[in-house]
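> structure here, sequence nowhere to be found:
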Ligand code: S3P
């Protein structure tokens with residue numbers, strides 16, 4: 001499938017967005033481990049979350065999905081109530097694989113976790129090593145990727161608690177280890193070098209798990225989580241309404257900022273500070289984004305955003321700010337291409353391990369549109385403010401690259417055609433529909 005983004009039309013109007021991808025993954029899986037029935041509203045129904053639900057079915061978990069309401073019958077943390085799966089297919093979803101590995105470890109059952117060729121090439125040593133240190137029997141491929149083979153644990157044997165410094169700030173690794181820690185015989189302590197997203201901590205606390213953390217309030221360089229396993233107590237079921245996905249909102253925010261005459265409102269979007277680095281980056285570029293109606297939705301901050309077209313200036317992204325906008329770098333690069341002056345992204349080597357190599361593939365596709373971009377080993381430099389041309393580009397099997405390039409087309413000189421655009425359905429199947437509802441000219445063809 002191809003999508004054509006035709007420039008020239010301003011965006012206007014108000015939208016609400018599908019549920020957050022990270023929270024949807026966690027809600028489905030954690031609900032399966034709870035002692036009772038959970039009710040989850042505004043669940044993201046997309047490629048990557050369907051893969052998680054199918055894996056839960058393989059394990060023998062009962063769930064039902066009506067529209068975007070997901071109900072899950074939790075089995076508690078008892079592996080003996082589950083089907084011993086032959087193979088769990090994680091599709092193209094790193095989150096599904098890394099989170100499931102932690103849950104399988106805590107349940108003590110055996111499983112093989114596999115996925116697409118793209119997923120097989122993503123790094124798994126980052127979970128294999130610490131899981132082994134906890135006593136999990138786990139093997140990766142010779143390239144340290146999927147398939148992952150996890151061995152069963154004898155009944156009644158617990159995992160060892162972990163005291164561990166994560167070498168990279170990664171919410172997937174942190175979540176995998178916190179899930180495994182639920183099955184350990186003592187307190188686990190994890191320290192991270194940066195503020196990776198904290199939805200797991202918030203959700204486990206809502207499920208009454210004994211979890212404490214220091215998230216940079218007292219020491220901006222110190223991110224630590226402590227979890228004590230619940231012994232005999234079950235996790236409480238969830239009753240939640242998932243906020244709109246900030247990472248999906250990011251495409252609309254940048255589209256409105258760079259398309260002359262635009263003014264849009266995005267309602268009920270998740271504003272967890274570990275996710276909203278892009279807002280800080282755009283504000284430092286001169287964007288005036290209004291936030292109103294701030295509220296709390298079961299431990300997650302939510303609000304409405306109002307964005308209007310505004311000329312932007314270049315900026316620099318690294319450190320904690322980069323961690324807080326790790327999924328938004330492709331669309332940030334589009335904003336930077338339209339901004340006057342130089343933008344620099346550094347300390348971003350992790351981007352090479354996402355759904356695509358989000359440094360080299362992004363630079364390559366932006367160059368096709370006439371953007372002046374220099375690739376660095378850990379980031380890139382964009383000289384913005386030149387005309388962005390039209391062209392035919394490829395998302396390299398990466399949903400976020402695909403959407404960022406459609407956004408680039410809305411404010412380009414000529415039409416941008418994104419080939420193989422069906423990959424967008426992995427996280428935001430309504431993307432085109434939402435842009436069209438805001439007045440954007442985006443065709444399928
Ligand atoms: C995610 C964490 C991030 C992010 C991914 C979703 C999560 O990955 O890029 O889209 O839901 O925990 P890392 O943990 O690898 O940084």
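The structure has been received and is ready for your questions. The structure displayed is predicted, hence computed values, not measured ones.
> what is the neighbour count of the residue nearest to residue 121 when sequence neighbours are not counted?
Of all residues not flanking residue 121 in the chain, residue 145 sits nearest, at 6.0 Å (Cβ to Cβ, 6 or more residues apart in numbering). C-beta: built from backbone N, CA, C; applies to glycine. Neighbours of residue 145 under the rule other Cβ atoms under 10 Å: 19.
> domain assignment for the protein?
The chain breaks down into these domains under automatic domain parsing: 3-19+243-444, 21-241.
> weakest of the ones you listed by average pLDDT?
The weakest mean pLDDT among these belongs to domain 21-241, with a mean of 94.
> now do the end-to-end distance for that one.
From its first residue to its last, domain 21-241 covers 13 Å (Cα to Cα, to the nearest Å).
> what residues does the protein have near the ligand?
22, 25, 95, 170, 171, 172, 175, 196, 197, 326, 327 (Cβ under 6 Å from any ligand atom).
> so what's the fourth one up against?
Looking back up the chat, that one is residue 170. 126, 192, 196, 350 (Cβ atoms under 8 Å, 6 or more residues apart in numbering).
> now it: phi and psi?
When quoted as degrees, to the nearest 10, the phi and psi of residue 170 stand at phi -140, psi 120.
> could you do residue 50 as well?
phi -60, psi -40.
> from the ligand, how far out is it?
For residue 50, the distance to the ligand equals 16 Å [Cβ to the nearest ligand atom, to the nearest Å].
> same check on residue 91?
In terms of Cβ to the nearest ligand atom, residue 91 sits 14 Å off from the ligand.
> that residue - nearest residue in space that isn't next to it in sequence?
Leaving aside its sequence neighbours, residue 91 sits nearest to residue 51 (Cβ to Cβ, 6+ apart; 3.7 Å).
> I'd guess the one you found is in a strand, am I close?
No. If the criterion is DSSP: H, G, I helix; E, B strand; the rest coil, then residue 51 is helix and not within a strand.
> neighbours of it, how many?
By other Cβ under 10 Å, 25 other residues sit near residue 51.
> would you check that it makes contact with residue 90?
Yes. With contact defined as Cβ atoms under 8 Å, residue 51 and residue 90 form a contacting pair (6.0 Å).
> overlap in contacts, these two.
Common contacts of residue 51 and residue 90 (Cβ under 8 Å, 6+ apart): residue 96.
> tell me where the stretch 301-445 of the chain has strands.
Secondary structure of the stretch 301-445 of the chain, counting by DSSP state E, counting those that start in this stretch: strands at 316-317, 341-345, 372-376, 379-384, 391-393, 416-418, 441-444.
> hang on, the earlier thing: okay, the residue nearest to residue 91 and the ligand: tell me how far apart.
13 Å.
> please apply the same query to residue 224.
Noted for residue 224: a distance of 17 Å to the ligand, by Cβ to the nearest ligand atom.
> residues in contact with that residue?
Residue 224 sits next to 189, 190, 191, 192, 213, 214 when contact means Cβ under 8 Å, 6+ apart.
> try 7 Å this time
Residue 224 sits next to 189, 190, 191, 213, 214 when contact means Cβ atoms under 7 Å, 6 or more residues apart in numbering.
> for it, what are phi and psi?
phi -130, psi 140.
> so in terms of bridging, what pairs with it?
Taking DSSP bridges as the rule, residue 224 bridges to residue 191, residue 214.
> name the surrounding residues that touch stretch 60-67.
32, 43, 45, 53, 56, 70, 71, 72, 73, 75, 82, 83.
> please redo it, this time with the cut-off set to 6 Å
For stretch 60-67, the surrounding residues in contact (Cβ atoms under 6 Å, 6 or more residues apart in numbering) are 32, 71, 72, 73, 82, 83.
> against residue 124, how distant is residue 169?
Applying Cβ to Cβ, to the nearest Å, the value for residue 169 to residue 124 is 17 Å.
> I should have written residue 390 there, sorry.
39 Å.
> more neighbours: the two, which one.
A count of neighbours by other Cβ under 10 Å puts residue 124 above the other of residue 390 and residue 124, at 26 against 20.
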